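my questions are about this predicted structure, shown below with the sequence.
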Amino acid sequence: MKILLLEDHPIVRLGVRQLISRRWPDADVVEASTLAAALQTLREGEPDAAVVDLNLPDTDGLESVIRLRRAAPRLRILVLSLNDELAYATRAMQLGAAGYLNKDRAADELTIALERVMAGGRYITDVVADHLASLMTGEARKAPHEELSPQEYRVLLLLAEGRRLTEIGEAMRLSPKTVTTYRTRILDKLGVENNSDLVRYCLQHDLLSDRT
């Protein structure tokens, strides 16, 4: 069994490796501290699963999930992050992750989550499950950004990071005109008027968490 561990903090990598090795002594854990290194690992052979942090030296947010899925569409990804679950878990799953686990719960749940993911299932915590259930039953209202499509959400975060339309187009392989269209839709759905408002919205909803 081969598992890719994408995490830039050595102490966290050590702890995760120990948890995996304790459950699967023969597992081949391949470590990467950057997205670029992880993509190179995928070119050398696809692992059975990947444990992925969202905040890396060469990318932030859900970009790592997007890029890994693009490089290896069948890769089973378990996101392991300190980013707010309610803000990120649902979107991560929509973009192709098979599970989402907060680092605070890793010691108790990592191997359970990873086992489920590798078996073809999905894993979310009770907190996220309760939130999703509330949304389905109408007990909780969706935040405006939860109504965005995966592409629109990605454009939102890139705009909030200060990326120019041409840069976003290159990153997403879209024409500037298409990016402009997405921006217009995002402004309308969020009820804001400009990029400064977008940044404030993302900060208010914890969509641009500090690097952890």
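Sure thing, it's come through. Values in this document were obtained by computation on a predicted structure and should not be read as measured data.

what residues are up against the closest residue to Asn194 other than its chain neighbours?
Leaving aside its chain neighbours, Asn194 sits nearest to Leu187 (7.5 Å; criterion: C-beta to C-beta, 6 or more residues apart in numbering). Backbone N, C-alpha and C define where each C-beta goes, glycine included. By C-beta atoms under 8 Å, 6 or more residues apart in numbering, the contact set of Leu187 is Glu193, Asn194, Asp197, Leu198.

how about Leu78, nearest residue that isn't a chain neighbour?
Gly99 is the one closest to Leu78 (C-beta to C-beta, 6+ apart), at 4.3 Å.

what residues are bridge-paired with the one you found?
Listed by DSSP bridges, the beta-bridge partners for Gly99 are Leu78, Tyr123.

before we move on, back to that, state the pLDDT value of the residue nearest to Asn194.
Among the per-residue scores, Leu187 holds a pLDDT of 93.

and what of Ala133?
What the model reports as pLDDT for Ala133 is 66.

ditto for His205
Per-residue confidence at His205 stands at 81 (pLDDT).

what about the residue nearest to Leu78, how many residues nearby?
By other C-beta atoms under 10 Å, the residues close to Gly99 number 26.

wait, doesn't it sit right on Ala119?
No. Here Gly99 does not reach Ala119: they are 11.0 Å apart, not a contact under C-beta atoms under 8 Å.

contact partners of the helix or strand Val155 falls within?
Taking DSSP states H and E as the definition, Val155 sits inside helix 150-160. With contacts defined as C-beta under 8 Å, 6+ apart, helix 150-160 is touched by 61-63, 66, 91, 94-95, 145, 148, 167-168, 171-172, 179, 182-183, 185-186, 189-190, 195, 198-199, 201-202, 207-208.

following that helix, which helix or strand comes up?
helix 165-172.

quickly list the domain ranges of the chain.
2-134, 144-204 (automatic domain parsing).

could you identify which of the ones you listed is most buried?
Compared across the domains of the chain, domain 2-134 shows the largest average neighbour count, a mean of 18 (mean count of other C-beta atoms under 10 Å).

any low-confidence regions in the protein?
Applying pLDDT under 70 to the chain flags residues 131-141, 209-212.

again, only this time at 50
Counting by pLDDT under 50, the ranges of the chain that qualify are 210-212.

in it, what residue spans correspond to strands?
Taking DSSP state E as the test, the strands found in the chain are 2-6, 28-32, 49-52, 76-81, 99-102.

pull the residues that contact the last one.
This points to strand 99-102. The contact list for strand 99-102 (C-beta under 8 Å, 6+ apart) reads 77-82, 85, 88-89, 92-93, 109-110, 113-114, 116-117, 122-125, 128.

one more time with 7 Å, if that's ok
The contact list for strand 99-102 (C-beta atoms under 7 Å, 6 or more residues apart in numbering) reads 78-82, 85, 88-89, 92-93, 109-110, 113, 116-117, 122-125, 128.
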